[in-house]
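okay, here's the prediction I keep looking at, along with the sequence it came from:
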Amino acid sequence: MASKLMPLLAVCAAALSGSCASTAQYGQPFRPQLSFSPARNWMNDPNGLVYHDGEYHLFYQYNPNGDTWGDMSWGHAVSTDLLRWEELPLALPVEKNAEGEVTQMFFSGSAVVDHANVSGLGEPGKPAMVALYTAVFPQELVLNDRTFKAGTQSQSLVYSLDRGRSWRQYAANPVIVQPPTPYAAEYRDFRDPKVFWYEPERKWVMALVLPNLHKALFYSSRNLRDWEYMSEFGPMGATGGIWECPDLFELPVDGDPGKRKWVLLMSLNPGGPAGGSGMQYFVGDFDGSSFKSAQDGVQWLDHGADFYAGVTWNGAPDGRRLLVGWMNNWLYGQQVPTSPWRSAQSVPRELALRTIDGQARLVQRPLAEFTRLRSAQLVNVPAQKAEGTVKAAGDVFEIELRLQPGSAVRSGIRVHGQTEIGYDREQGVLYLDRSRAGQGGFHPQFAARHAARVALRDGQLPLRLLVDRGSVTVFAGDGEVVLTDQVFPAGQGMSLFGEGGDARVHDFKVWSIQSIWEKAR
C-alpha cells in the first residue's frame, strides 16, 4: 500500500471528539483543579514542550476517538503562566485511509524553535517551530520510495510557521529511518526523540531510546533535518521494564554556575518503585557526544505510582528547568473511574541539583507561580500536637508543615478523609497510603501504600502537599523525595495523627486553592 503524506492542518478537536475545550465543564468530582486534563477522551505522555512568543506549549499523546489508548495523535494546549491552560484543536491527528485503517500514528517527541533558521523551513519574521516525533506505521507502507514494514517506528519532522496552530510534514520524512548498526535489522521499537540545543558546539542533539535494550541513543544535527549517530548509554540503573521518553539537560550544582552536571531522565515500565510505571534519573557528564553516569545506585524521580514520561520545556524563560509528567500508571491507567476524560498531567515542577549525602541529587518543588492560586489561608499554627481534626473545608488545598515524629511509631496528616501521608519511624520512610482512600477496586494493585526512605533533620521532616480532587503530591525535605498518587476519594476531611507515642507539627499552614479552570466554567 502506498501513501503520500500531505501537509497537516490543525483539525478542530470538536470534529473528532464531540467537544471543544471552550464549552467543556471542568467541575467533575475527580477532575484535576491544579493541572491540565483534556476536556474529554484519553491522554498520556507530554510531548513537544516548548516556550515560544510568550506561550508555553504542551502537546500530548491523545486519542481523539475514545477514552482508552488508541489512534495516537498530538493534542495541544497553551498557557502564558503554566497555571491556566487553553485546549487548542488537535495538532497532529492520526492518519487513516479511505477504509478507516490507520496509516500513521504520532508517538512521543519534542519541539524546538529554529530562530536561526538552520533548517531552512522558516520565513522572514516567522521562525519555524520544529517538532521531531516517532512515526508509527501500523501497516506496510511505501513512503518516498522506501518500504516500511508493519510496526516500523521511525523519526519524522513537522514544522509550523504560525505558533503551532497548523503543521506541515517535511517532504523527506522520515529523517531517521532506523536505528544504527547493529540494531537496524532486528529492532523496530525505536522512539521518543528529545531534541535540545548544545551551545558549546552550536549543534542540535537528540536523545531517543531502544526500549527493549535499555539503551539511550544520541544523535547530532546542524540543521534539524540531517542526523548523525554519536553514541549510546545503558543498560544501567533500573531495567525491570522498557525504557521510554529520555531527556538530557544540564544544571548547576548547589546553585554554583561554575559547577555543573548533566541529568538524563528515563521512564521505566514496568519496574517503577511503586509498581508499574516509574521514572529514574542519572547524574553525570555529557561531552557533546556521549553521556557517562557518575552516580551510585538507582535514583527515582518520584516514589509514587502516578508520575511517568516526564520531560522538560525547551526555551523556558530565565533558564529554569521545568518538568511535567503524565499523572497515571500503565498498570491501571485505562480503568481509572473518570469521565468524560481519562488521565491528567502533573503540576509543573522546577528542578535543581543539590549535594545530598555527598552526591548530586535532583530536587523538585512545585512551580513558583503556583502560590498565585492561593485564595485563603485556612490554618496557620506555629506548633501543636499531631492529633485531631483540622477545620479546612473543601477538597483542593496546599499544605505546609514540619513533622516532628518524636516517639510516635507513625505520624502525619490525613486528607480526603482517609488518604494518609505519614512518617514510619521504625522503617525510616515517608509514605502515602491510599488503601482506604475511596474507589480502588478497578485494579488489584491500586489500593496500596507507597514509601520512600528519607532522613529527618534535627528530628523533623519538612513537607509540602498539593491536595487535588483526584490526586495528592508530596514534596519532602528539600524536595529530594516526591510521591505522586492518584486518589478517588469517597469523602472530605483533614486530620493530624500520631500513633504509639507523641508527635508534633510545626509551622502548620493550609491554603484553599483557586481552580485553574475558573474561567472555563
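Sure, I can see it. Worth saying up front: this structure is predicted, and the values here are computed from it rather than measured.

let me see the domain layout of the protein.
The chain breaks down into these domains under automatic domain parsing: 13-366, 371-513.

dump those domains to JSON lines, plus mean neighbour count.
C-beta coordinates here come from the backbone N, C-alpha and C atoms, glycine included. Formatted as JSON lines, the domains of the chain follow (neighbours: other Cβ atoms under 10 Å):
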{"stretch": "domain 13-366", "mean neighbour count": "19"}
{"stretch": "domain 371-513", "mean neighbour count": "19"}
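
mean pLDDT added to these, as JSON lines?
Converted to JSON lines, the domains of the chain look like this (pLDDT from 0 to 100):
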{"stretch": "domain 13-366", "mean pLDDT": "94"}
{"stretch": "domain 371-513", "mean pLDDT": "96"}
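
check the offset of the strand or helix carrying Val379 from the chain's centre.
Per DSSP states H and E: Val379 is located in strand 374-385. How far strand 374-385 lies from its chain's middle: 30 Å, per Cα atoms, centre = their mean, to the nearest Å.

ok, stretch 358-371 next?
Remark: stretch 358-371 is offset 15 Å from the chain centroid, using Cα atoms, centre = their mean.

can you list the residues that contact that stretch?
34, 81-83, 253, 261, 263, 281, 283, 294-296, 299, 301, 322-323, 347-356, 398, 464, 466, 473, 475, 478-480, 482 (Cβ atoms under 8 Å, 6 or more residues apart in numbering).

by contact count, what packs against the strand holding Val379?
The contact analysis (3 or more Cβ pairs under 8 Å, 6 or more residues apart in numbering; DSSP states H and E) places strand 374-385 against strand 494-499, strand 504-513.

give me the next element, helix or strand, following the helix or strand harbouring Leu157.
Using DSSP H and E, Leu157 falls within strand 152-160. Once the chain leaves strand 152-160, the next helix or strand it forms, by DSSP H and E, is strand 168-169.

show me what the following helix or strand past that following strand is in contact with.
Per DSSP H and E, the first helix or strand lying C-terminal to strand 168-169 is strand 191-198. Here strand 191-198 makes contact (Cβ under 8 Å, 6+ apart) with 107-112, 132-134, 153, 155, 176, 203-209, 211, 220, 224, 244-249, 288, 311, 314.

off-centre distance for strand 191-198?
Computed by Cα atoms, centre = their mean, the chain-centroid distance of strand 191-198 equals 15 Å.

do the same with stretch 307-318
That offset, for stretch 307-318, works out to 8 Å (Cα atoms, centre = their mean).

ok, stretch 282-297 next?
With Cα atoms, centre = their mean, you get 22 Å for stretch 282-297.

quick one: Arg225 from Ala128, how far?
For Arg225, the distance to Ala128 equals 11 Å [Cβ to Cβ, to the nearest Å].

scratch that, Phe196
Distance of Phe196 to Ala128, computed by Cβ to Cβ: 16 Å.

ok, now Gln460?
For Gln460, the distance to Ala128 equals 51 Å [Cβ to Cβ].

in space, what's closest to Ala184 - neighbours in sequence excluded?
Sequence neighbours aside, Gln178 is the residue nearest to Ala184 in space, at 4.5 Å (criterion: Cβ to Cβ, 6 or more residues apart in numbering).

doesn't Ser154 make contact with the one you found?
Yes. Using Cβ atoms under 8 Å, Gln178 is in contact with Ser154, at 6.7 Å.

between the two, which contacts overlap?
Common neighbours of Gln178 and Ser154 (Cβ under 8 Å, 6+ apart) are Phe190.

would you mind measuring from Gln364 to Gly54?
To Gly54, Gln364 is 25 Å away according to Cβ to Cβ.

repeat for Arg40
The spacing between Arg40 and Gly54, counted by Cβ to Cβ, is 28 Å.

so what's Thr507 closest to, chain neighbours aside?
I think there's a mix-up here, since residue 507 is Asp and not Thr. Take Asp507 and drop its neighbours on the chain: the residue closest to it by Cβ to Cβ, 6+ apart is Arg402, 5.5 Å away.

show the contacting residues for the one you found.
Arg402 touches Gln460, Leu461, Pro462, Leu463, Val505, His506, Asp507, counting by Cβ under 8 Å, 6+ apart.

quick one, strands of the stretch 201-350 of the chain?
203-210, 215-221, 228-233, 242-253, 256-269, 278-286, 291-293, 299-300, 308-312, 322-326, 341-342, 349-356 (DSSP state E, counting those that start in this stretch).

can you add distance to Gly120 and give the ones you listed back as TSV?
Shown next, in TSV, are those (distance: least, Cβ to Cβ, whole Å):
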stretch	distance to Gly120
strand 203-210	14
strand 215-221	13
strand 228-233	18
strand 242-253	26
strand 256-269	30
strand 278-286	28
strand 291-293	29
strand 299-300	41
strand 308-312	27
strand 322-326	30
strand 341-342	39
strand 349-356	33
